[in-house]
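Visitor: A predicted structure for the sequence below; I have some questions about it.
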Amino acid sequence: MKRWGITGGVILAGDKVIPDGGIGIEGERIVRVASSSGIKKEFEETVDAGGRLILPGIVNFHHHLYSSLAPGIGTESPMRNFREILENLWWRLDRVLDEETIYYSALNGILQGVKSGVTTIFDHHASMGYVKGSLSIIEEVLKKAGIKGVLCFETSDRGNVGEHIAENIEFFEKHRDDRYIKGVFGLHANFTLSEKTLDRISKERPEKMPIHIHCGEDRIDLEYALEKGYRGILHRLHSHGLLDERSILAHCIHLSEGDFRILEDVKPIVVSNPHSNLNNRVGLINRDRIKDFVLGTDGFGSSVVLSLKALYLSGKGKDEDPSELYNIFFKRSAQILKKFFPDTGEIKEGNLADIVVFDYIPASIPETPESIAYHLIFGLIPESSYITISNGRIIYREGEFTFLDGNDMINIRKAGEKLKSLLSRDGG
């Protein structure tokens with residue numbers, strides 16, 4: 001079993017900053033967190049971080065890897081509001097995805113994530129023309145990269161609901177005891193799910209299988225639930241027995257008073273995606289009402305650091321409390337991650353070695369863990385990992401991925417061109 005160490009870094013280890021710290025790794029686990037000198041004495045092979053910032057591997061709690069080939073692919077159809085953005089871009093795109101474009105979309109998005117220090121992705125997948133086996137394609141890419149994932153298929157009345165349900169449940173059952181890959185039950189949003197569909201899901205979903213759903217991303221979602229006679233979006237889901245503390249709710253922007261009360265009672269996992277919300281002009285999470293949440297990208301790139309910057313810029317700005325940002329990005333993220341992968345989330349002896357060494361040397365040593373949030377916002381460039389480590393293995397180092405095959409980058413380009421062609425044939 002390989003034993004090696006990292007030295008010479010500014011390390012966030014739990015709730016303390018180690019100014020000249022080191023980490024000892026044996027196999028896939030962290031076995032020592034100490035001073036640089038201590039690690040050098042104990043470990044023969046070491047990598048010098050050169051004063052760079054070392055953090056726990058980053059988690060993207062809400063992603064759409066299938067969108068990663070889309071940059072530059074336009075549409076002549078109008079996108080004046082949220083529904084038109086879905087109908088004229090994303091729903092057209094997910095309709096034409098096939099095995100090849102799913103694979104290389106996942107690979108491209110994962111490469112972007114790994115460059116950004118991401119070692120775990122919660123992916124919300126949609127490919128309405130290729131349902132069965134689609135999650136296994138993404139799993140294959142996650143395993144190739146060596147990172148962790150929590151996957152689901154976006155169940156929606158837009159497609160064959162029975163196929164969507166089967167894909168979610170089969171993947172969940174297959175990965176109940178998997179240490180690196182998990183399945184949850186994917187739902188698109190209230191406004192694309194009929195009462196009949198929610199009733200069916202309530203009956204067929206295995207006990208303790210969490211859901212992952214867009215909640216109140218746009219006002220149409222809330223209006224739909226109210227029109228159906230419910231007191232809100234979460235009230236509708238709760239009435240169907242679908243909410244618990246492991247439910248993953250993306251966005252939570254347009255909620256009713258009743259919904260806020262359910263959030264307080266049930267305490268599900270809320271994921272904010274601020275730069276995606278700004279792009280779609282749908283509003284922002286109410287941080288006065290929702291304190292406990294984590295961050296995702298919603299397919300708008302793969303850098304969660306960029307999401308943190310967007311949260312800061314779109315929120316309280318200079319009046320921001322750094323302890324709130326620290327709790328969102330580090331403490332709350334670690335707490336949520338442990339619900340799915342118990343021995344992760346912190347640089348701590350005994351945990352899996354999921355670590356990012358950012359290519360950023362702080363001009364001054366962070367005096368408190370909370371101040372690290374400001375280093376990420378004002379100092380760090382997104383997609384600037386120097387070394388990314390997952391399960392004790394270096395998967396990215398100084399601009400090079402360690403898991404790519406010779407033609408992978410060429411094939412990503414080919415898949416992007418193919419997707420453009422498929423969309424053109426589909427009427428775009």
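Guide: Thanks, I have it.

Visitor: Buried residues, stretch 69-86. List them.
Guide: Neighbour counts using 16 or more other C-beta atoms under 10 Å place 69-70, 73, 82, 85-86 of stretch 69-86 among the buried residues. All C-beta atoms are positioned from the backbone trio N, CA, C, and that covers glycine.

Visitor: Quickly check these for the two that are furthest apart.
Guide: Longest distance between any two of these is 22.0 Å, between Leu69 and Phe82; criterion C-beta to C-beta.

Visitor: Kindly report the domain assignment for the protein.
Guide: The chain breaks down into these domains under automatic domain parsing: 3-57+350-401, 58-337.

Visitor: and the first one, how far apart are its ends?
Guide: What it means is domain 3-57+350-401. 21 Å (C-alpha to C-alpha, to the nearest Å).

Visitor: and if you look at the longest one?
Guide: End-to-end distance for domain 58-337: 10 Å, by C-alpha to C-alpha.

Visitor: Then stretch 366-378?
Guide: First-to-last distance for stretch 366-378 - C-alpha to C-alpha - comes to 13 Å.

Visitor: Give the rounded mean pLDDT of it.
Guide: Averaging pLDDT along stretch 366-378 yields 94.

Visitor: Residues contacting that stretch, please?
Guide: Contact partners of stretch 366-378, identified using C-beta atoms under 8 Å, 6 or more residues apart in numbering, comprise 10, 12, 15-17, 53, 55, 305, 308-309, 312, 322-323, 325-326, 329-330, 360, 362.

Visitor: Which parts of it count as buried, going by neighbours?
Guide: So, applying 16+ other C-beta under 10 Å, buried residues of stretch 366-378: 366, 369-377.

Visitor: Present these as a markdown table; the columns should include secondary structure.
Guide: A markdown table is the format used below for those (DSSP: H, G, I helix; E, B strand; the rest coil):
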| residue | secondary structure |
| --- | --- |
| Pro366 | coil |
| Pro369 | helix |
| Glu370 | helix |
| Ser371 | helix |
| Ile372 | helix |
| Ala373 | helix |
| Tyr374 | helix |
| His375 | helix |
| Leu376 | helix |
| Ile377 | helix |
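
Visitor: List just the nearest of the residues you listed to Leu107.
Guide: For the buried residues of stretch 366-378, the nearest to Leu107 is Leu376 (26.2 Å; C-beta to C-beta).

Visitor: Please report the distance of that closest one from Val10.
Guide: 12 Å (C-beta to C-beta, to the nearest Å).

Visitor: ok, now how distant is Thr368 from Ile381?
Guide: Counting by C-beta to C-beta, the gap from Thr368 to Ile381 is 23 Å.

Visitor: Is the residue nearest the centre of the chain in a helix, a strand, or coil?
Guide: What sits nearest the mean C-alpha location of the chain, by C-alpha atoms, centre = their mean, is Asn60, with 2.2 Å. Assigned state for Asn60: strand (three-state reduction, three-state DSSP).

Visitor: Contacts only, for it.
Guide: With the criterion set at C-beta under 8 Å, 6+ apart, Asn60 makes contact with 113, 118, 120-122, 295-297, 302, 304.

Visitor: Drop anything exposed from these.
Guide: The buried subset of those (16+ other C-beta under 10 Å) comprises 113, 118, 120-122, 295-297, 302, 304.

Visitor: Out of those residues, flag the one nearest to Tyr386.
Guide: Val118 (14.3 Å).

Visitor: phi, psi of the closest one?
Guide: Torsion angles at Val118 (phi, psi; degrees, to the nearest 10) stand at phi -80, psi 130.
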